[in-house]
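*Asks:* Sequence and predicted model, in that order:
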Amino acid sequence: MYYTPFIVIYMTEKFRKWSCYLCGDIVIEGQRFGYLPDKGFIHIECLYESISKHFNGRIPSEVIALIDFDEVAAYGIIRVKQVEKVLPED
């Protein structure tokens, strides 16, 4: 199974009911999760577990680094959008 690129996002303002396509549990505000375009939302822990099975129990450090980078970049985008909301319009 091939995993397409995804964006890790945080739910910030409104509670939305999204479910993890892998485990079926609801993703709630504050949880770390990602989005796979062809599958849907997924908990990061479920993603790691799925990738681990794909690599016989050991996730390569490069894969972990890419997931972490993606999460940091997405969090930065969210923070910028939050700052834009409080700044006066010019």
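*Replies:* Received the coordinates, thanks. Numbering: from 1, shown residues only.
*Asks:* ok, residue 33 touching residue 45?
*Replies:* No - the pair residue 33 / residue 45 is not scored as a contact, 9.1 Å apart, by Cβ atoms under 8 Å. All C-beta spots, glycine's among them, are computed from the backbone N, C-alpha and C.
*Asks:* who's more crowded, those two?
*Replies:* Using other Cβ atoms under 10 Å, the more surrounded residue of residue 33 and residue 45 is residue 33, with 21 against 14.
*Asks:* And the more buried one, what's its pLDDT?
*Replies:* We have a pLDDT of 80 for residue 33.
*Asks:* same deal with residue 11?
*Replies:* pLDDT for residue 11: 47.
*Asks:* try residue 62
*Replies:* Predicted confidence (pLDDT) for residue 62: 93.
*Asks:* Ok, the one 10 residues further on next?
*Replies:* Turning to residue 72, the model gives it a pLDDT of 81.
*Asks:* ok, so what distance separates it from residue 32?
*Replies:* Separation of residue 72 from residue 32 (Cβ to Cβ, to the nearest Å) stands at 12 Å.
*Asks:* repeat for residue 40
*Replies:* Counting by Cβ to Cβ, the gap from residue 40 to residue 32 is 16 Å.
*Asks:* circling back to that earlier point, who has more neighbours out of residue 72 and residue 32?
*Replies:* Between residue 72 and residue 32, counted using other Cβ under 10 Å, the more crowded position is residue 32 (15 against 10).
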